[in-house]
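quick one, what's the 3D model for this:
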Amino acid sequence: MKQASEKIDARRATLRQRLEFAAVWLMVRLLGTLPRRAARSVGAAIGALAYRLLGRLRGVGLRNLEMAYPDWSPEQRDRTLRGVYRHLGHLLAEFCLMPRYTPERAGEFIQYRGLEHYLAARESGKGVLVLTGHLGAWELSSFYHSLVGYPMGMVIRRLDNPLVDEFVNRIRCMHGNRVLHKDDFARGLIGAMRRGETVGILMDTNMTPPQGLFVPFFGVEACTAAGLARIALKTEAAVVPGFLVWEESEQRYALRFGERLELICTGDHEADVLANTAHFTAVIERYIREYPDQWLWMHRRWKTRPPGEAGVY
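Numbering: from 1, shown residues only. All right, here's what the predicted structure looks like:
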């Protein structure tokens with residue numbers, strides 16, 4: 001298992017990778033020096049610009065919303081997608097500001113809800129798998145949890161640029177978090193659960209068989225990662241939903257932990273993996289339906305189709 005502290009030899013980086021890293025580093029530094037309100041305003045402006053300029057992603061988002069909410073008007077889908085880009089801009093700003101946050105400062109605009117569910121799951125001693133997704137401020141979620149004394153592991157995909165990957169992971173792991181890369185996550189997850197640790201898994205992205213199984217997501221079959229279900233069944237770890245979402249009426253974030261999810265165990269292992277994967281996906285869908293303008297609709301979630309079925313994009 002490779003850690004976020006792993007050093008990258010910058011001399012092996014290409015010119016393009018170095019330029020990309022310089023742009024990311026400069027953006028983080030510049031936004032990170034602004035007052036939070038100003039940084040979020042700049043982030044929202046960047047999001048609005050991205051909505052206008054990135055037509056292909058905008059098309060994917062509208063297509064996804066059309067499948068998920070067929071009864072919505074085109075105007076409602078467009079309004080929702082614009083909200084997604086605004087929240088992504090806010091998340092960009094929060095990420096740039098994270099190195100400056102203290103528990104007291106972050107506590108002014110983040111509030112736990114259901115922390116007792118997480119603490120009870122942790123007391124089981126068999127590890128905690130946090131079921132989460134690209135909803136709300138997912139980068140800030142694990143960071144805040146570590147900032148106040150609950151460091152955790154995070155299963156992530158390596159960024160294509162190794163310099164940017166190392167830089168981003170340094171920020172993510174400033175307060176004890178650690179990274180488990182997807183290309184070696186099974187062994188790392190099992191070990192973490194045996195040590196009674198916590199690991200968050202983003203389980204809302206498109207997969208391909210055999211790692212992915214088809215389960216309903218907004219009424220449409222979606223190829224979904226089955227690894228969380230397999231690890232939970234093997235280790236008896238507690239599975240707890242966790243999402244950091246923006247509460248518009250309160251003008252603050254809420255880090256919401258749901259009750260521990262009971263695993264479906266019938267003795268038929270493969271059937272149980274499928275049933276639990278479907279159950280976990282339904283939980284994610286429920287949270288997305290509460291905050292539809294905070295989920296990453298631009299991801300081609302339904303790209304992989306069952307055999308014989310035509311593509312949707």
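
now the helix ranked longest in the chain - C-alpha only, CSV.
What stands out as the longest helix in the chain, according to DSSP state H, is helix 74-97. Extracted in CSV, the C-alpha atoms of helix 74-97 (Å, rounded to 0.1, in the frame of the first residue of the first chain):
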residue,chain,number,x,y,z
PRO,A,74,-35.4,21.3,-19.4
GLU,A,75,-35.3,24.5,-17.4
GLN,A,76,-35.2,22.6,-14.1
ARG,A,77,-32.4,20.4,-15.2
ASP,A,78,-30.4,23.3,-16.5
ARG,A,79,-30.9,25.2,-13.2
THR,A,80,-29.8,22.1,-11.2
LEU,A,81,-26.7,21.7,-13.3
ARG,A,82,-25.8,25.3,-12.9
GLY,A,83,-26.1,24.7,-9.2
VAL,A,84,-23.7,21.8,-9.4
TYR,A,85,-21.0,24.0,-11.0
ARG,A,86,-21.5,26.6,-8.4
HIS,A,87,-21.0,24.1,-5.6
LEU,A,88,-17.9,22.7,-7.4
GLY,A,89,-16.5,26.2,-7.5
HIS,A,90,-17.1,26.5,-3.7
LEU,A,91,-15.4,23.1,-3.2
LEU,A,92,-12.4,24.3,-5.2
ALA,A,93,-12.2,27.3,-2.9
GLU,A,94,-12.5,25.2,0.2
PHE,A,95,-9.8,22.9,-0.9
CYS,A,96,-7.4,25.8,-1.5
LEU,A,97,-8.2,27.2,2.0
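
buried ones in that helix?
If you call a residue buried by 16 or more other C-beta atoms under 10 Å, then helix 74-97 has these buried ones: 77-78, 80-97. Placement of C-beta: from N, CA and C, glycine included.

equivalent analysis for stretch 255-272, please.
Using 16+ other C-beta under 10 Å as the burial criterion, the residues of stretch 255-272 that qualify are 255-258, 260-261, 263-264, 272.

just stretch 300-308 next, same as before
Neighbour-count burial for stretch 300-308, counted by 16+ other C-beta under 10 Å, picks out 300-304.

and for stretch 239-258?
239-246, 253-258.

now do the helices in the stretch 201-313 of the chain.
Applying DSSP state H, counting those that start in this stretch to the stretch 201-313 of the chain gives helices spanning 227-235, 269-290.

and those: which comes nearest Val312?
Closest of these to Val312 is helix 269-290, at 17.1 Å (criterion: C-beta to C-beta).

and that closest one with helix 227-235, angle?
Relative orientation of helix 269-290 versus helix 227-235 (axes from the mean of the first three to the mean of the last three C-alpha atoms, to 10 degrees): 130 degrees.
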